[in-house]
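Colleague: Need a 3D model of the following:
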Amino acid sequence: MSVNKDEIKFPLFHSYLKRFVDLTDNEWLALEEQLRVRKLPKKQHLIRQGEQAKEIFFLISGSARLYYEKDGDEKTTYFFFENNLVGDYLGCLTSQPSTINIQALEDCELMYFKYETLTKLYEQFPVYQIFGRKLAEYLFMGLDIRLAELLTLTPEERYLKFINTSIKRKILERIPQQYIASYLGITPVSLSRIRRRIATS
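Modeller: Residues are numbered from 1 along each chain as shown. As a prediction, this is how the structure comes out:
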């Protein structure tokens, strides 16, 4: 009997969910049946500002960035890598047009399900209500930490914290310097100066 290649990838997401909740076989199967796989070529957008977000994605391979755009100026605020949830969760919650852009920085493969699927699972299985709450708490903590760094640390302190985190080192290897500078809230020229200053100190 042939095996659907997509089904081989679904256990990756199942393992990820265990960070939040333990699912019985029936609880997992209810979500697994709704999972789909999508490929996103480098530089293409998963979500564009002004569109309605309707899906929650799980990044199997590749990388992407989240950025805001106003008057042609882009501000990168987050990077996604393998085993990351990706999407506009706020847009899904509010049913309002998205205020963010998510763009592939490498060729990406993603697993996804409709947010509507999750809301239906809330009614069927209480464990998914726990997952939704823990997911919201996880995203809130990430935003709070990010805001605190921008408000309390100097650009050089932000960079030092950035390179001393293993996941951030992965960013340095795979993400163009201009996006790293934008993430840190500085210009590429300022980033180059900081890197030279640290290298010679």
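Colleague: Show me what the helix or strand hosting residue 29 is packed against.
Modeller: Using DSSP states H and E, residue 29 maps to helix 25-32. Applying 3 or more Cβ pairs under 8 Å, 6 or more residues apart in numbering; DSSP states H and E, we find helix 25-32 packed against helix 5-17, helix 115-124, helix 126-152. (Each C-beta comes from the backbone N, C-alpha and C, glycine too.)
Colleague: Output the ones you listed as JSON lines; include the columns distance to residue 49.
Modeller: Formatted as JSON lines, the helices and strands packed on helix 25-32 follow (distance: least, Cβ to Cβ, whole Å):
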{"stretch": "helix 5-17", "distance to residue 49": "27"}
{"stretch": "helix 115-124", "distance to residue 49": "18"}
{"stretch": "helix 126-152", "distance to residue 49": "18"}
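Colleague: among those helices, which is nearest residue 173?
Modeller: Smallest distance to residue 173 across the helices and strands packed on helix 25-32 (Cβ to Cβ): 21.0 Å, for helix 126-152.
Colleague: So for stretch 106-121, first residue to last residue, what's the gap.
Modeller: Terminal residues of stretch 106-121 lie 32 Å apart, using Cα to Cα, to the nearest Å.
Colleague: Show residues contacting that stretch.
Modeller: Residues from elsewhere that reach stretch 106-121, judged by Cβ atoms under 8 Å, 6 or more residues apart in numbering: 6, 9-10, 12-13, 30-31, 34-42, 46, 53-64, 86, 92, 128, 132, 174.
Colleague: Please identify which helix or strand holds residue 78.
Modeller: Element membership for residue 78 (DSSP H and E) is strand 73-80.
Colleague: Please save the CA atoms from that strand in PDB.
Modeller: Output of strand 73-80 as PDB, limited to C-alpha atoms (Å, rounded to 0.1, in the frame of the first residue of the first chain):
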ATOM      1  CA  ASP A  73       9.500  51.500   4.600                       C
ATOM      2  CA  GLU A  74       9.800  47.900   5.900                       C
ATOM      3  CA  LYS A  75      10.300  47.000   9.600                       C
ATOM      4  CA  THR A  76      11.200  43.400  10.200                       C
ATOM      5  CA  THR A  77      10.000  42.300  13.600                       C
ATOM      6  CA  TYR A  78      10.300  38.500  13.600                       C
ATOM      7  CA  PHE A  79      12.000  35.500  11.900                       C
ATOM      8  CA  PHE A  80      10.500  32.000  11.500                       C
END
